[in-house]
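**Q** predicted structure and sequence below. I'll ask about it afterward.
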Amino acid sequence: MGFERIAIIGLGLLGGSIGLAVKECLPGAVTTGYDADPATRTRAAERGLVDHVHDSAAEAVRAAQLVILCVPVGAMGAVAVELAPALPADALISDVGSSKLSVARALAAALPGHAVIPAHPVAGTERSGADAGFASLFRHRWCIVTPPEGANPAKVAALAAFWEALGARVELMDPQHHDLVLAVTSHLPHLIAYTIVGTADDLEGVTQSEVIKYSAGGFRDFTRIAASDPTMWRDVFLSNKDAVLEMLQRFTEDLTALQRAIRVGDGEQLFDHFTRTRAIRRSIIEEGQDDARPDFGRSDHGG
Ligand code: NAP
């Protein structure tokens, strides 16, 4: 069951990238789109992110077979309520939200009787908005699909095939487990980056020009993450509160252990720890999930 009419709600980094990827990978499909921001709608039409940009979510989904919500996690429920009256009865609703349990609940509550299968393509950059999207965003990246209990297997397979057509690798996961895994691989690192960059900015005795001038000492990589969209990340932390707080507790304990090793001069503990983490970096490169080049190969796609 391939999708021929695909509606994308939210035409920023994720929505725009899906539109461009569909154009490239599924040329037979027709895409419609809507974004709450009129300037984004204008820019989306100029860039050709979707075939038809509409002035309401309802118009955009009216004939859709697949609807993908690409708005901040905190807006998912309200968008679903807005488009519900216009939704074709047999349309499949999915999303790209970075947390899954709260989104699954919000969509199920807003769209009873409709097929809802949430998903999360684990692909992104620190950029946002209608100019940020690019067609290859999902290539060789994982898309985690989190079907609710009793989901129609044919619809799950169709959604998986859609993401595979855009170049992604698909994994099925329970939404609660997704939230725990992503809390440690994505949400906590963002929180740490936001903290470090804020701390450096607050420091008296170190000027801002020194922070910028000597940023190559590790700080620079954190600033890239800490430049990520404030609305999106506010919503991620509020919606995945329990898993993030659990991982933060573990992190704090590990940080305290390293703090102690430094204080008591336990070089062996520090060396062993850094050796273990270096091996993880190597595995990520071997898995094709990052690039060993100094700029992580990011200059290739401008992201
Ligand atoms: P983005 O570039 O900011 O795009 C989101 C777009 O949705 C914005 O244009 C926003 O308009 C619009 N929007 C907000 N509320 C809306 C509403 N009620 N109806 C219609 N449009 C609305 O953000 P993004 O990075 O694409 O993120 C979108 C989703 O993808 C989020 O749920 C995020 O968690 C998830 N995600 C992001 C990444 C990443 O790395 N960025 C990766 C994977 C998944 P305004 O600007 O006017 O608010």
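**A** Yep, that arrived. Numbers count the residues shown, from 1 in each chain.
**Q** and the strands in the stretch 51-200 of the chain?
**A** Here the stretch 51-200 of the chain has its strands, by DSSP state E, counting those that start in this stretch, at 52-53, 66-69, 92-95, 115-116, 119-121, 142-145, 169-172.
**Q** mind listing what's buried along the last one?
**A** Neighbour-count burial for strand 169-172, with 16 or more other Cβ atoms under 10 Å as criterion, is recorded at Arg169, Val170. Every C-beta, even on glycine, is put in place using the N, C-alpha and C of the backbone.
**Q** tell me which strands that strand pairs with, and in which orientation.
**A** Strand partners for strand 169-172, identified by DSSP bridges, are recorded as strand 142-145 (parallel).
**Q** show me what contacts Arg260?
**A** Residues near Arg260 by Cβ atoms under 8 Å, 6 or more residues apart in numbering: Asp266.
**Q** separation between it and the ligand?
**A** 35 Å (Cβ to the nearest ligand atom, to the nearest Å).
**Q** buried sites along the host helix or strand of that residue?
**A** Here Arg260, judged by DSSP states H and E, is contained in helix 241-264. By 16+ other Cβ under 10 Å, the buried positions in helix 241-264 come out as Ala243, Val244, Met247, Leu248, Ala261.
**Q** among these, which one sits closest to the ligand?
**A** Val244 (13.6 Å; Cβ to the nearest ligand atom).
**Q** quick check: the closest one touching His187?
**A** Yes - the pair Val244 / His187 is scored as a contact, 5.1 Å apart, by Cβ atoms under 8 Å.
**Q** show me whatever sits in contact with both of these two.
**A** Contacts common to Val244 and His187, judged by Cβ under 8 Å, 6+ apart, are Phe237.
**Q** so which bits of stretch 158-175 are buried?
**A** 158-160, 162-163, 165-170, 173, 175.
**Q** no wait, stretch 86-98
**A** Buried-residue list, stretch 86-98, by 16+ other Cβ under 10 Å: Ala86, Leu87, Ala91, Leu92, Ile93, Ser94, Asp95, Val96, Gly97, Ser98.
**Q** residue contacts, the fifth one?
**A** I take that to be Ile93. Val67, Leu69, Ala80, Leu87, Leu107, Leu111, His114, Ala115, Val116, Ile117.
**Q** wait, which of the residues you listed is closest to Gly15?
**A** Leu69 (8.7 Å; Cβ to Cβ).
**Q** distance check, the residue nearest to that closest one when sequence neighbours are not counted against Ala130.
**A** Nearest residue to Leu69, sequence neighbours excluded (Cβ to Cβ, 6 or more residues apart in numbering): Asp95, at 4.0 Å. According to Cβ to Cβ, to the nearest Å, Asp95 stands 19 Å off from Ala130.
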